[in-house]
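Asker: Return a 3D structure for these sequence lines:
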Amino acid sequence: MSAKNTLPTRRATHAGSWYTANPRVLGKELQSWLDSVPDQVSDILTEQPDQEQQYEAKDKLQTEENDKGDSHIHAIIVPHAGYTYCGRTAAYSYKALDISKYSRIILLGPSHHVYLDDCAISGCGSLETPFGKLAVDVDEIARLKRRARFSTLRVKQEEDEHSLEMLMPFLHYVFGAAKENTTHLKTNHPSDSSGNNVRDGAQSQGEHGTTLDSTNGLLTNKAYSSAAKSAAKNSSSYLLENKLKVIPIIVGNLDREAEAYYGKVLSEYLNDEDSSGGEPSRTLFAISSDFCHWGTRFQYTFYSPSETENPSSDFTFLDPRITSRDELVNYQKHLKTVPIHTSIKNLDYEAIAAIKSLDPAQFASYLDTTENTICGRHPIMVLLEAVAYTSTRKKSLPSTKDSSFRVDFVDYSQSSKCLSVKDSSVSYAAGILYKS
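Answerer: Next up, the predicted model:
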């Protein structure tokens, strides 16, 4: 028996709580969110035209994209909360993928339970989901560990951590269901792209997945495809036949030097061409991150009354213990003009603008100033460092073709709309890294 066959399987320890463990019900839920994503989406930081101009703007955007030629997606940024809260936003990133272009997925997520000052790789041979198992790229992990500083996670550490597990069922479903119908992700269902109604009536699941009654609060869709119904049955064989493998990496509390180091190490997977030449990299990065965690329970009550400037230029931290009448009047005046949930959105949008700059220093400066509680800030920084290193290296090679990275954020939502300092919320965003 080979060593690969003796490696343990990481159990789906959050199935049944953060998402349903029933593959049929889960398939319906995921498909419903995928169906809700419009075929044409735009970056959320693009100024929104009025309704009369919107259709012309969308046509113009599509024409511009066609003029650019095909763009290859190298990475997605997706949230990792309970699916009831973040599933609809996450679907925006997953739906953008052309699954035929990938044979490997590198998962990068933060550690919520164990302190790490490095990057730790899975020690398992496969990853369980309600739809079947995902194969771990054991050979590539061995190569990475020979050439760079990676520790190995213990099985319990892996199973306690949710940041990567919350990506696994979605990835298995999206890549697996295509065996039955490779166009099932292309739909024409209208959707409010604001993403504000992410809860959709489900009441039993906490913001970070506490309990889920698999018989209540689940999305249904009459247009649910036959591919979704048979996904759990057929997706494992599809993944096996196409040799899709994953590399799960937990990113620790890295300093800037370590972020640059791991970005450089992983930059090889952003190359335009694989080792055989002529083809785009067949590796997809999936970055797991929620955005602002706001409220006293997160010890973060950032507030900016600014409507026109970046929030980081004028902000305070709300104090729930305010008793002075003058302070209360001033407090209520500001909140009436700029509600807390709007301030949070502006704060997150400034983070998104920093990420879109693809400048690690700009994102780091933003985090230093605002202390925004973006739990995946280190995985995002590693990706930005990988992009920066790749871009710099390409410029030094005159024989390489002219191409550039860009990031679009195509959806944003909040678990709830905070109106007072007693409220709390978590923000979610869907990002896509292209190279054109």
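
Asker: Name the residue closest to the centre of the chain, please.
Answerer: Residue closest to the average C-alpha location in the chain (CA atoms, centre = their mean): V78, at 1.1 Å.

Asker: Reduced to three states, what does P38 come out as?
Answerer: Look at P38: counting by DSSP: H, G, I helix; E, B strand; the rest coil, its state is coil.

Asker: Let me know how buried it is, in neighbour terms.
Answerer: 17 (other CB atoms under 10 Å). Using the backbone N, CA and C atoms, a C-beta is placed for each residue, glycine as well.

Asker: Could you check how far it is from S425?
Answerer: 25 Å (CB to CB, to the nearest Å).

Asker: L164 too?
Answerer: Counting by CB to CB, the gap from L164 to S425 is 23 Å.

Asker: Looking only at neighbour counts, state which of the two leads.
Answerer: L164 (25 against 20).

Asker: correct me, but the more buried one touches I287?
Answerer: No: at 10.5 Å, L164 does not count as touching I287 under the criterion of CB atoms under 8 Å.

Asker: Need the residues touching each of those two.
Answerer: Counting by CB atoms under 8 Å, 6 or more residues apart in numbering, the shared contacts of L164 and I287 are G109.

Asker: tell me which element F363 is part of?
Answerer: helix 360-370 (DSSP states H and E).

Asker: Mind checking what helix or strand follows that helix in sequence?
Answerer: helix 377-395.

Asker: wait, doesn't K417 sit right on S343?
Answerer: No: K417 lies out of contact with S343 (CB under 8 Å); the separation is 11.3 Å.

Asker: neighbour-wise, which of the two wins?
Answerer: Between K417 and S343, counted using other CB under 10 Å, the more crowded position is S343 (24 against 14).

Asker: Which neighbouring residues are in contact with the more buried one, exactly?
Answerer: 302-305, 311.

Asker: In three-state terms, label R146 for me.
Answerer: Looking at R146 with three-state DSSP, the answer is helix.

Asker: Look up how far S415 lies from the nearest residue to S427 once chain neighbours are set aside.
Answerer: Excluding its sequence neighbours, the residue lying closest to S427 (CB to CB, 6 or more residues apart in numbering) is F291, at 3.8 Å. Separation of F291 from S415 (CB to CB): 11 Å.

Asker: if you count what's nearby, which of these two comes out ahead?
Answerer: Using other CB under 10 Å, the more surrounded residue of F291 and S415 is F291, with 27 against 24.

Asker: Is it correct that that one is in contact with A429?
Answerer: Yes: with contact defined as CB under 8 Å, F291 counts as touching A429 (5.3 Å).

Asker: Which neighbours do these two have in common?
Answerer: 79, 348, 412.

Asker: In JSON lines: those residues, plus distance to S100 and pLDDT.
Answerer: Formatted as JSON lines, the shared contacts of F291 and A429 follow (distance: CB to CB, whole Å; pLDDT from 0 to 100):
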{"residue": "P79", "distance to S100": "25", "pLDDT": "97"}
{"residue": "D348", "distance to S100": "33", "pLDDT": "97"}
{"residue": "Y412", "distance to S100": "29", "pLDDT": "98"}
